[in-house]
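Peer 1: got a predicted structure plus its sequence, pasted below:
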Amino acid sequence: MRNDTVITPQAILRQEYVAPGYWVDTVEMGFDLDLKSTLVANRMVMRRNHASTEKDLVLSGESLKLVQLRLNGVKLKKADYQIDGETLRISNAPDEVTLEITTQIQPSKNTSLSGLYASKGNLITQCEAEGFRKITWFPDRPDVMAKYTVMLRADKKKFPVLLSNGNLIDEGDLDDGRHFAKWEDPFKKPSYLFALVAGTLVCQEEKFKLKSGRKALLQVWVEEGNLDKTQHAMDSLKKSIRWDEERFGLELDLDRFMIVATGDFNMGAMENKGLNIFNTKYVLANSSIATDIDYAGIESVVGHEYFHNWTGNRVTCRDWFQLSLKEGLTVFRDQEFSADLVGTTTGRAVKRIEDVRVLRQVQFSEDAGPMAHPVRPDSFVEINNFYTVTIYEKGAEVVRMYYTLLGHDGFRKGMDLYFERHDGQAVECDDFRAAMADSSGRDLTQFERWYSQAGTPRVSVVTAYDAEAQTYDIKLTQSCPATPGQEKKLPFHIPVAMGLLDAEGKDIPLYCDDYPAQAGATNLVIELTAASQTFRFNKVASEPVPSLLRNFSAPVVLDIDYTDEELGLLFANDSDPFNRWEAGQRLATRRLVKLTKVLQTGEELSLDDWFINALRNTLNDESLDPAFRELMLTLPSEAMIAEAFDVVDPQAIHTARQFVRATITRHLKADLLHAYETHQTPGKYRPDAASMAKRSLKNLALSYLLEWADESTFDLAHLQFKEAANMTDRLAALAALTNFNGTEKQQKKSEKALRRFFKDFKKEDLVIDKWFMLQATAHTTDVEKVRELMQHPAFTLTNPNRARSLVFNFCNANPSRFHAADGSGYALWAELVIALNKINPQVAARLARSLDRWKKYPVGLQAHMKLALQKVAATKKLSKDVAEVVSKALAA
Ligand code: B3K
Ligand code: ZN
């Protein structure tokens, strides 16, 4: 039952899985497409699943007008079936059934952007997870896989392009100015992979030769006027196809692969079979509208969706609790794809650090809050709420741990076995683990706990050196905090990649009692499986500095007491670039935490020269990749610093971090200027790794320079803004200007720059999103300013990208302003969640998550947050999406 006034979300349990009562062999669909009213005819050939305990024929449907229902040719009367909410049930149906259903739907009224909806006069579908039931009555669950044939009919002028999954087998004209296209998908698929697109679109296309010699037609479809922005997506697609052939021996199985871009989309993109539908944000790029980060995002999302063709589509999920089976694995694959494309060791490390930053900042926080859930959840109210960083990013870490444990070739063998066993099936996470275990002969029983236990494990370290015996002991102890519904946790199987550094910072050969086969190696993966375990290293001539969890080999928090000197040694020398960066983050966090506390007592702030000098050395170390230096010089974010506190004071954290940034600039101004000047990228814009690296260091230097600015540094930013030859440089300069607290005259100039930017790019939605985002995240932007921006004619809540650019960015990425002491930020949040709930429950529920961690704030703020949460919870007609999030938060 949908809840109207009170929150009583009904949970679905993993343990209650029942196989479908009927399988569907074929689906033939006919669409008479129209924005206002679309008719959908659906003929399914079904057969009883004798193995199921479900005897009825059960279908799901939502917001459908049922026009007709026929079973084996006979029209059914109302008494022949029961409709209860979203379920249609036919009892006593024969074993073999041909069911013909006609429904009528209203795409232009569908603002949820799930099912069939209208976007700028075009028709688009989004069916994952449960959107297909908004198109027709269907056993809309991923374990029902069928072959689809789809006939699309529409007005030829309004909808000249008609696309669906698979191959185009027929097309032609009809009467009354209408035309048709018939598509056939040769592969069985679950309904969530169904897609259609109809409208006015143009495409860039190319024939691409596959490994086997077969040629496939690749197309990128966009709105008219955007063909100058599709090349990068096309290039990324070709690279993805090549990479999957080479790295995993997986070839494109279709003759045609299409990408369609739409500006109205709930998430990044969708892997529908042969017809990927993308948010324009992950397709459209050229040097004047897209930044380096956008280019990298497009490459990885195009890769991600393409890789789903095997991990997700050919082998899919038995039920939605297994979501990470496809998502964790596919994120791992896209991470590896991006890393392989850069190729160099530091390039790979840069990518790894960026990924780990997201994991720690967002997933660790989720794992410590009211929405914490295992990688394979046990229950949910609304599946769309479980497309989370835990399922995706932590899921990818779980896959990466197999890779670390089994090695490159061992992992590949496991993948090969997985496809050999399960191609064409809908399976569980356990099946993937079994393929990894069986192909390697390793016992991965305990590894299962990574799927079933939520929470971020902590590993604490105690070391002991015996100079006489020349032994070094590392004692690792693991624990995992309680999470909702899971009080006690059992030990995890944790791979800890490690090395030992001598006093010069060089790796020493390792002789560990437990790993005789690897004697003499300088890098070792030790496996922590017990609650506490001691690893003994022999032939250790002097007390070493341990480098643990290299390359972040497991998603855990490592508690280890390093001295500043030890961290300095690691920061300057560790052969593992990830841990070099990590040492720097520890040095910075230590200081930021201390300064935040000092601020709370009102004492004077100061920063030690030793730390500043360590940063100076890194900044000036020309032997280091500039992208790596940029990461080494970037302080932990305010959200990351907050994780170090039991009670968070967002204002103090912000002030402390700003103090450190300003102090660094005061001391390193000349060095920063030098870095700025020597990392220019004149000439044509190139989105290659080397140029991007230079721009990232240069623009970091610029943002630092404006923290301790005089007239000339301000002018530097202003000049860069005016003369930038690409969006990366233009946006970086505008961000620096927008965040700058200068004289009134300078302030005026910054405001003028913002206006100029808007005027120059007002026709580019993706750039206007950046314009809102910049202001949403500026420290100068308070709640009033956000309200003012919401009145801007270019703002709308109905477009998810626009809503995210202003509202989500303010609530999630401007903590010191959002958490205003008077609670005005939370009042705004409540209004917006309630408004969005009416328009688009999925997007509303995402925003609702901004208050997840309310228990971590001082009591004064907590009281305001609780009121805001209660206000949302008491809203009439609250979607189950939002109800689940706020009720879990309130129960915390
Ligand atoms: N599988 C889709 C996400 C669908 C989200 C539904 N709420 C995109 C992806 O992960 O590739
Ligand atoms: Zn995915």
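Peer 2: Okay, I see it. Ligands and ions are numbered 1, 2, ... in the order given.
Peer 1: ok, residue 109 to residue 882 distance?
Peer 2: Residue 109 sits 20 Å away from residue 882, going by C-beta to C-beta, to the nearest Å. In this view, the C-beta of every residue, glycine as well, is placed from N, C-alpha and C.
Peer 1: state the number of residues packed around the residue nearest to residue 879 when sequence neighbours are not counted.
Peer 2: Leaving aside its sequence neighbours, residue 879 sits nearest to residue 841 (C-beta to C-beta, 6 or more residues apart in numbering; 3.4 Å). Residues lying near residue 841 (other C-beta atoms under 10 Å) number 23.
Peer 1: enumerate every residue touching residue 841.
Peer 2: Going by C-beta atoms under 8 Å, 6 or more residues apart in numbering, residue 841 touches 112, 382, 384, 879-882.
Peer 1: sorry, back to before: ok, residue 109 and residue 882, which is more surrounded?
Peer 2: For residue 109 versus residue 882, the count of surrounding residues by other C-beta under 10 Å is larger for residue 882: 28 against 13.
Peer 1: go ahead and confirm the more buried one touches residue 844.
Peer 2: Yes. Counting by C-beta atoms under 8 Å, residue 844 is a contact partner of residue 882 at 5.1 Å.
Peer 1: where's the residue nearest to residue 326 when sequence neighbours are not counted relative to ligand 2, distance?
Peer 2: Of all residues beyond its chain neighbours, the one nearest residue 326 is residue 312 (3.7 Å), with distances taken as C-beta to C-beta, 6+ apart. Between residue 312 and ligand 2 the computed distance is 7 Å (C-beta to the ion, to the nearest Å).
Peer 1: and residue 312, what does it touch?
Peer 2: Neighbours of residue 312 in contact, by C-beta under 8 Å, 6+ apart: 271, 326-327, 330.
Peer 1: burial count for the closest residue to ligand 1 within the stretch 651-800 of the chain?
Peer 2: Relative to ligand 1, the nearest point of the stretch 651-800 of the chain is residue 800 (11.5 Å; C-beta to the nearest ligand atom). Residues lying near residue 800 (other C-beta under 10 Å) number 22.
Peer 1: for it, list the residues it contacts.
Peer 2: Counting by C-beta under 8 Å, 6+ apart, residue 800 makes contact with 113, 264-266, 840, 843.
Peer 1: which ones among these lie within helices?
Peer 2: Secondary structure defined by DSSP state H assigns residue 843 of the contacts of residue 800 to helices.
Peer 1: what's the nearest residue to the residue of the stretch 501-650 of the chain found nearest ligand 2 if we skip its chain neighbours?
Peer 2: Residue nearest to ligand 2 within the stretch 501-650 of the chain: residue 555 (18.5 Å; C-beta to the ion). Excluding the flanking residues, the one nearest residue 555 by C-beta to C-beta, 6+ apart is residue 397, at 4.1 Å.
Peer 1: again, but for residue 349
Peer 2: residue 577 (3.6 Å).
Peer 1: for whatever residue of the stretch 601-750 of the chain ends up closest to ligand 2, grab phi and psi.
Peer 2: Nearest residue of the stretch 601-750 of the chain to ligand 2 (C-beta to the ion) works out as residue 687 at 23.3 Å. Main-chain dihedrals, residue 687, degrees, to the nearest 10: phi -90, psi 40.
Peer 1: name the residues of the stretch 301-450 of the chain found near ligand 1, please.
Peer 2: Taking C-beta under 6 Å from any ligand atom as the contact definition, the stretch 301-450 of the chain meets ligand 1 at 304-305, 308, 327, 384, 387.
Peer 1: now with 8 Å?
Peer 2: Neighbours of ligand 1 within the stretch 301-450 of the chain, by C-beta under 8 Å from any ligand atom: 301, 304-305, 308, 312, 326-327, 330, 383-384, 387, 392.
Peer 1: and for the chain?
Peer 2: Residues of the chain lying near ligand 1 (C-beta under 8 Å from any ligand atom): 114, 126, 128-129, 266-271, 301, 304-305, 308, 312, 326-327, 330, 383-384, 387, 392, 842.
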